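K.L.:
structural data only, the sequence is not supplied:
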């Protein structure tokens, strides 16, 4: 396969991560000073640029990894390089269109997909192209697929399905019935997240097999048991998003019953893997290994938060509070981002000389330390602000929003400072990776 | 690095494909039920005016700062029951729309557009409560929501 294509996806992803972090920082500033940048970029645009960039980072880096691992690492000939190249160009151009839509304030979509609704068409087409390439390349060998191939394959299919589902609101049948519409909307978001997690966790398991040098990790009964459990959660375990919405009780009850297990999947697999690692294996990819060690800690913390807020009686007080944000940021930053950065570092170690990567390892390692310290403070401030909001919602003062904002302001300052720490740490980690990838991309372009 | 391929006792692939097929069938039926389920309250479908209000709500991306049923951004307050809340209501809400106070963007909605947004928020208000202060918490961790029925509204 043409290595430029996966590298191209990852370069776009890293730019999105850096840009999204910067915009996140500016959004945070508006919490502290509501008129900051308001005339140029109000919060209703800024927040969406941040969210879209971060989602782009996750899906683009996971996609680049899948292309690279399926072909270069696993030795398969890609069904069509042209389709893959078209996919990359399509996403790059659509990304530009999305930024133009958000920067100019010409929106019209729903939360998380706020950009002009028509732009979802090329996005969906991109996922279909990836699906065609993936299954045409690998389906002949489905007997004996390791679990990560199942995860990537189902992840691609479910992303395409749930992205389509999130636009059901364009049909009057859904739009006219607000509760049905809201339920389906959040069903699609919850399951879309679960779908990209299949891509990300598949990548984590693939990396484990490579770093440990043991393919059996991805073929065990346990791995498949957790895969199917995760898939069932993706399908039926989304309803904690809408516990307070007066939808039919059975939808919420089924969600409650199934949502207790999802996060145990990766925690179990990673813990087993780390327990069985020996020192030689650790040294083979030290940076990627450290990044995955970080993931393991964040998985455990997020398992706890996710389980607690999936209990309706607790969710009753945390829903609509900053604890929900802590949960979503904890998973996207603490879990998804660390796995995907591990994937980028691993991929880099395969395409450049190890000594070159080693030269940047001190900067990256310093970034990792700052990243973890900042994330602990960041999430703690959100959780405290969330507890205060949970109390406020059921208090006598609940009619006056400014009382709440005054109460949580000190924690928003801490949130902002730690957010700055996250931005600096991600810059320390990402800049050398991006520089090396760009250099390699240019070398490959010249040689081809 | 070489990857070990030790012999392990694994389940034949057809079993995995069968499990996937069963899950997909159940998921299809489940989706049908979710897509055809309405809310616990029987209220009329949204009026054209309310739908126009919702379209404007989306185009202005109000949800980045405001929540409905706790879903949305936290820069501003939840607006689920802004229409029926004491000391708030349609006139109060309408006055805010073009005010541009604090972080709120300076919108230039026409009177018709403002009425449409109020119609949308009025419809939302009829669907239920958030926060649901009178719901019952059970020992099992389950929460019985209080639904917004005409009888409940009369009693308030």
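P.N.:
On my side now, so go ahead. All figures in this text were calculated on a predicted structure; none of them were measured in a lab.
K.L.:
what segments of chain B are strands?
P.N.:
Remark: strands assigned in chain B by DSSP state E are B:67-68, B:71-72, B:136-137, B:143-144.
K.L.:
for those strands, which one sits closest to residue A:63?
P.N.:
Checking the strands of chain B against residue A:63 by Cβ to Cβ gives strand B:71-72 as the closest, at 28.0 Å. Backbone N, C-alpha and C define where each C-beta goes, glycine included.
K.L.:
is the top helix by length along chain A positioned near chain B?
P.N.:
Ranked by number of residues, the top helix in chain A under DSSP state H is helix A:401-447. Yes. Residues of helix A:401-447 contacting chain B under Cβ under 8 Å from any Cβ of the partner chain: residue A:401.
K.L.:
centre of the chain versus that helix, how much separation?
P.N.:
The chain centre lies 15 Å from the centre of helix A:401-447; the measure is Cα atoms, centre = their mean, to the nearest Å.
K.L.:
likewise stretch A:113-131?
P.N.:
On Cα atoms, centre = their mean, the centre of stretch A:113-131 falls 17 Å from the chain's centre.
K.L.:
can I get the strands of chain B in CSV with mean pLDDT?
P.N.:
Listed next are these as CSV, based on pLDDT from 0 to 100:
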stretch, mean pLDDT
strand B:67-68, 97
strand B:71-72, 96
strand B:136-137, 94
strand B:143-144, 95
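K.L.:
and the residue of chain B found nearest chain A, how many neighbours?
P.N.:
Of all residues in chain B, the one sitting closest to chain A is residue B:70 (2.5 Å; Cβ to the nearest Cβ). Neighbourhood size, residue B:70 [other Cβ atoms under 10 Å in any protein chain shown]: 23.
K.L.:
can you classify the residue nearest to it when sequence neighbours are not counted by secondary structure?
P.N.:
The spatial neighbour of residue B:70 that comes closest, neighbours along the chain excluded (Cβ to Cβ, 6 or more residues apart in numbering or on different chains), is residue A:320 at 2.5 Å. Classification of residue A:320 by DSSP: H, G, I helix; E, B strand; the rest coil places it in coil.
K.L.:
residue A:320 reaches residue B:71, doesn't it?
P.N.:
Yes. Residue A:320 lies in contact with residue B:71 (Cβ atoms under 8 Å); the separation is 7.3 Å.
K.L.:
which stretches of the chain aren't confidently modelled?
P.N.:
The chain I'm using is chain A. Along chain A, the parts satisfying pLDDT under 70 run over A:1, A:262-267, A:269-270, A:272-274, A:276-284.
K.L.:
my question was about chain B, not that one.
P.N.:
Ranges of chain B meeting pLDDT under 70: B:1-10, B:154-156.
K.L.:
again, 90 this time
P.N.:
The model of chain B has pLDDT under 90 over residues B:1-14, B:38-44, B:86-88, B:98-106, B:140, B:148-156.
K.L.:
neighbours of residue A:399, just the number please.
P.N.:
Neighbours of residue A:399 (other Cβ under 10 Å): 12.
K.L.:
that one and residue B:82 touch, don't they?
P.N.:
No. If you go by Cβ under 8 Å, residue A:399 and residue B:82 don't touch, sitting 10.1 Å apart.
K.L.:
any shared contact partners between those two?
P.N.:
Common neighbours of residue A:399 and residue B:82, using Cβ atoms under 8 Å, 6 or more residues apart in numbering or on different chains, are residue B:88.
K.L.:
if I pick the residue in the stretch 51-200 of chain A positioned nearest to chain B, what's in contact with it?
P.N.:
The minimum distance from the stretch 51-200 of chain A to chain B, using Cβ to the nearest Cβ, falls at residue A:179 (3.1 Å). The neighbours of residue A:179, taking Cβ under 8 Å, 6+ apart as the test, are A:245-247, B:38-41, B:127-128.
K.L.:
again with residue B:141
P.N.:
Contacts for residue B:141 (Cβ under 8 Å, 6+ apart) come out as A:256, A:311-314.
K.L.:
break down chain A into its strands, ranges please.
P.N.:
Under DSSP E, chain A gives strands at A:107-110, A:113-115.
K.L.:
with adjacent residues omitted, what lies nearest to residue A:128?
P.N.:
Per Cβ to Cβ, 6+ apart, closest to residue A:128 is residue A:160, 6.2 Å.
K.L.:
how close does the one you found get to residue A:181?
P.N.:
21 Å (Cβ to Cβ, to the nearest Å).
K.L.:
how about the helices in chain B?
P.N.:
Going by DSSP H, chain B shows helices at B:13-36, B:48-59, B:90-97, B:111-127, B:150-155.
K.L.:
tally of neighbours for residue 71?
P.N.:
Let's take chain A. 22.
K.L.:
the intended chain is chain B.
P.N.:
For residue B:71, using other Cβ under 10 Å, the count is 23.
K.L.:
measure the residue of chain B closest to chain A to residue A:66 for me?
P.N.:
Residue B:70 is 35 Å from residue A:66, by Cβ to Cβ.
K.L.:
could the strands of chain A be laid out in TSV, adding distance to residue A:57 and mean neighbour count?
P.N.:
Formatted as TSV, the strands of chain A follow (distance: least, Cβ to Cβ, whole Å; neighbours: other Cβ atoms under 10 Å in any protein chain shown):
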stretch	distance to residue A:57	mean neighbour count
strand A:107-110	19	20
strand A:113-115	16	24
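K.L.:
in JSON lines, list those strands along with distance to chain B.
P.N.:
What follows is these, written out as JSON lines (distance: least, Cβ to the nearest Cβ, whole Å):
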{"stretch": "strand A:107-110", "distance to chain B": "5"}
{"stretch": "strand A:113-115", "distance to chain B": "5"}
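K.L.:
in TSV, list these along with distance to residue A:344.
P.N.:
Below are those laid out as TSV (distance: least, Cβ to Cβ, whole Å):
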stretch	distance to residue A:344
strand A:107-110	29
strand A:113-115	25
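K.L.:
what sits against the closest residue to residue A:24 other than its chain neighbours?
P.N.:
Of all residues not flanking residue A:24 in the chain, residue A:50 sits nearest, at 4.5 Å (Cβ to Cβ, 6+ apart). By Cβ under 8 Å, 6+ apart, the residues touching residue A:50 are A:20, A:23-24, A:27.
K.L.:
top of the residues you listed by neighbour count?
P.N.:
residue A:27 (25 neighbours).
K.L.:
which residues touch that one?
P.N.:
Residue A:27 neighbours (Cβ under 8 Å, 6+ apart): A:43, A:46-47, A:50.
K.L.:
burial of the residue of the stretch 251-400 of chain A found nearest chain B, as a residue count?
P.N.:
In the stretch 251-400 of chain A, the residue that lies nearest chain B is residue A:320 (2.5 Å; Cβ to the nearest Cβ). Using other Cβ under 10 Å, residue A:320 has 24 neighbouring residues.
K.L.:
try residue A:178
P.N.:
If you count neighbours by other Cβ under 10 Å, residue A:178 ends up with 26.
K.L.:
how about it, nearest residue that isn't a chain neighbour?
P.N.:
Using Cβ to Cβ, 6+ apart, the nearest residue to residue A:178 is residue B:127, at 5.5 Å.
K.L.:
list the contacts of the one you found.
P.N.:
By Cβ under 8 Å, 6+ apart, residue B:127 lies in contact with A:178-179, A:246, B:39, B:41, B:43, B:148.
K.L.:
filter those residues to the buried ones?
P.N.:
A:178-179, A:246, B:39, B:43, B:148 (16 or more other Cβ atoms under 10 Å in any protein chain shown).
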